[in-house]
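Peer 1: predicted model, plus sequence, below.
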Amino acid sequence: MTLLLEILGALVFFALIIVSVLLHECGHFIPAKIFGIKVTEFFAGFGPRIWSVRRGETEYGFKWIPLGGYVKLIGMYPPQVPRRHPNRLTRLADEARRAEAEDIGPGDLDRLFCHKPVWQRLIVMSGGILTNLLLAFLIFWAVFGLYGRNAETTTVASVSECMIPASRASQTCQSGDAETPAHAAGLRSGDRIASFNGVQIDSWSQLSDLIRHNEDGPAAIVVERDGRMVSLPATRTVINQVVSRLDPGTTVRAGFLGFSPATEIVHSDPLDTASQMWTMSKQSLYALVRLPVLTWNVGVDMVTGHSRSPTSPMSIVGASRVAGDVAGDSQLRVVDKIAIGGSLLGSLNLFLFWLNVVPLPPMDGGHIAGAIYEACKRAVWRLRGKADPGPADTAMMIPVAWLIGAAMLLMGVVLITADIVSPVKVL
């Protein structure tokens, strides 16, 4: 029964990913149709066709490689660009133009993407990424609002007696371990920290920032204990290895006090949901910048037989396996499984938003950057009294698109292989 639930959970989550991809493409497709741009294909996946059907001028369907999706907008590149000094790059761009011209029929010139006003192109290209952002927000708002989320408070849950090195497996104090500043100051379970170095404390994030930035400086702490304000004996925070906020799988050097905060269930409103998404966005951006290195580390760990980090990047195969593990866990209630799966799907949509924001082709952000560049260039030409330079020749960026596409494909193969051979375990 457990195996059946795992398989079913993985398949349902994978189907929801495909739905997210299709909705992303609808974000391009619908405004393109509204603005009269010719769209010849709407597919989920890449490679050979699994199934397709033609409705009017557009073919809809699925392909075998489920690593994304696309809509084919005709006229992404200007059809004619005069050349004074042709070279290999310009010839490559012209070949792409000729291939695209095969889908341009009589009367289609006013339906080309490149001939539409810049504001329309920006709407078309941003529609997909904004759809992912909206999906992420709605999913997280539903999870955090209905199910709730764990939030740290300024109340002390427990106090560590000693400083335990991060490299030590055992979490028990041993002879020679230094006493933590919190224990030395007499901090107790149940205390609510009211001020730190004269700063009134309103939230855990504020307190955590103050402790981290204090490094090994003096710490004057006032707590609320049994309804009274108590000033603790003077102490100093120490520099220690604490969990990184940008990469929870690593540690950084920062100020350390030595206690754990109590948590409570918070039901988020839209503003709190947006705040939580911004925190997750910073983590996603950090992971995105380091994605090649992180993928390399996953590949090395897979080849050398090292255990997989639970915070390592995953493909949609890995995310589906995690969802399957959650679905098959008999210790979780159905509502817990839905909340965890929803959070995973929301995180995926948020990451896809930031991935597609990257201002380089073949990402949506690359086409947005091209449209903005064209608008700026035309404005400068107009101010200088020069003739309209025409559409920006985005076909010249084809080698960049190929290079990034090849890198994404290679990273996808590595992550999918690792997700099959050495999957991430979160439970």
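Peer 2: On my side now, so go ahead.
Peer 1: ok, and what's touching stretch 152-164?
Peer 2: 170-174, 177-180, 182-183, 187-194, 201-205, 207-208, 223, 238, 240, 256, 258-264 (CB atoms under 8 Å, 6 or more residues apart in numbering). Glycine gets a C-beta too; all of them are placed from N, C-alpha and C.
Peer 1: list the buried residues of stretch 133-142.
Peer 2: Under the neighbour-count criterion of 16 or more other CB atoms under 10 Å, stretch 133-142 has 133, 135-137, 139-142 buried.
Peer 1: so where's the longest helix in the protein?
Peer 2: In the chain, taking DSSP state H as the definition, the longest helix is helix 2-34.
Peer 1: mind checking which of the contacts of stretch 152-164 land in helices?
Peer 2: Using DSSP H, the contacts of stretch 152-164 in helices are 182-183, 204-205, 207-208.
Peer 1: of those residues, buried ones?
Peer 2: Of the ones in helices among the contacts of stretch 152-164, these count as buried by 16+ other CB under 10 Å: 182-183, 204, 207-208.
Peer 1: quick check: the two most widely separated of those?
Peer 2: His183 and Trp204 (19.8 Å; CB to CB).
Peer 1: export the buried ones among the ones in helices among the contacts of stretch 152-164 to a markdown table and tack on pLDDT and distance to Pro86?
Peer 2: Listed next are those as a markdown table, based on pLDDT from 0 to 100; distance: CB to CB, whole Å:
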| residue | pLDDT | distance to Pro86 |
| --- | --- | --- |
| Ala182 | 94 | 71 |
| His183 | 93 | 75 |
| Trp204 | 94 | 62 |
| Leu207 | 95 | 64 |
| Ser208 | 94 | 59 |
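Peer 1: make CSV out of those residues and add distance to Val156.
Peer 2: Converted to CSV, these look like this (distance: CB to CB, whole Å):
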residue, distance to Val156
Ala182, 8
His183, 11
Trp204, 11
Leu207, 11
Ser208, 13
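Peer 1: picking that back up, the longest helix of the chain: which residues count as buried?
Peer 2: So, applying 16+ other CB under 10 Å, buried residues of helix 2-34: 5-6, 9-10, 13-14, 16-17, 20-29, 31-32.
Peer 1: now do the helices in the chain.
Peer 2: 2-34, 88-101, 118-142, 181-184, 204-214, 270-289, 291-304, 316-328, 334-357, 364-383, 398-421.
Peer 1: ok now the third one, how far from the chain's centre?
Peer 2: Its chain's C-alpha centre and that of helix 118-142 lie 14 Å apart, by CA atoms, centre = their mean, to the nearest Å.
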